[in-house]
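[1] requesting a structural model of the entry that follows:
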Amino acid sequence: MEETLPKFAADRTLKRLARWLRLVGADVLWEATLDGPAILHRGRAEGRMVLTRDKRLRTAADAVYLTSHLFRDQLCEVMARCPFDPRRSAFTRCLDCNELLQTVSRDRVARRVPPFVFAAHEQFAICPRCDHIYWDATHPARARQELEALGW
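    Have a look, this model is predicted:
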């Protein structure tokens, strides 16, 4: 049976956490303009678990109030509450806009990445919404080390 990844809505104070959850494949709604009540409303409307540091929302049944200010601890809090394998879908979402990435040919990105990147890498992915290009380099390697340090 295939594991279903959780869907989250993170309040505007949790941008770094939202990006890290996206990095491990979770579908995370995050917008700087959405305050506590707005994110709770959107989260409920879209069937998402709300992640918040807003004390006004800590008693909401469908919200996870995170006690820590540190993103690593917040990530552990979320994973304890909604466990899933963070390696299974890692690096499949755009960190900026949450869209699923699409694999693209090297030819499609040849003129859009630095020449040394193009020469060193065979595989590329692109975000269909914001057009950001991704490749497996030092950032994913550091992220994997960070996840391993957290025990994943």
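[2] got the end-to-end distance for stretch 94-111?
    The straight-line separation of the ends of stretch 94-111 (Cα to Cα, to the nearest Å) is 21 Å.
[3] give the rounded mean pLDDT of that stretch.
    Along stretch 94-111, the predicted confidence averages to a pLDDT of 95.
[4] got it, and stretch 80-89?
    Along stretch 80-89, the predicted confidence averages to a pLDDT of 87.
[5] residues in contact with the residue sitting nearest the centre point of the chain?
    Among the residues of the chain, the one closest to the centroid is Arg22, at 1.2 Å (Cα atoms, centre = their mean). Counting by Cβ atoms under 8 Å, 6 or more residues apart in numbering, Arg22 touches 28, 93-95, 98. The way it works is simple: take the backbone N, C-alpha and C, and place the C-beta from them, glycine included.
[6] next one: Leu23
    90-91, 93, 95, 143.
[7] out of the contacts of Arg22, which comes closest to Met79?
    Met79 has its nearest neighbour among those in Val28, at 13.4 Å by Cβ to Cβ.
[8] so that closest one makes contact with Arg16?
    No: applying Cβ atoms under 8 Å as the test, Val28 and Arg16 come out as separate, 11.4 Å apart.
[9] what about these two, which has more around it?
    Neighbour count, other Cβ atoms under 10 Å: between Val28 and Arg16, Val28 has more, with 26 against 15.
[10] before we move on, the earlier item: who wins for neighbours among the contacts of Leu23?
    Ranked by neighbour count (other Cβ under 10 Å), the contacts of Leu23 have Arg93 at the top, with 25 neighbours.
[11] how close does that one get to Ser105?
    Arg93 sits 20 Å away from Ser105 when distances are taken as Cβ to Cβ, to the nearest Å.
[12] likewise Phe116?
    For Phe116, the distance to Ser105 equals 19 Å [Cβ to Cβ].
[13] in the chain, what secondary structure element scores lowest on mean pLDDT?
    Across the helices and strands of the chain, mean confidence by mean pLDDT, DSSP states H and E is lowest for helix 138-149: a mean of 80.
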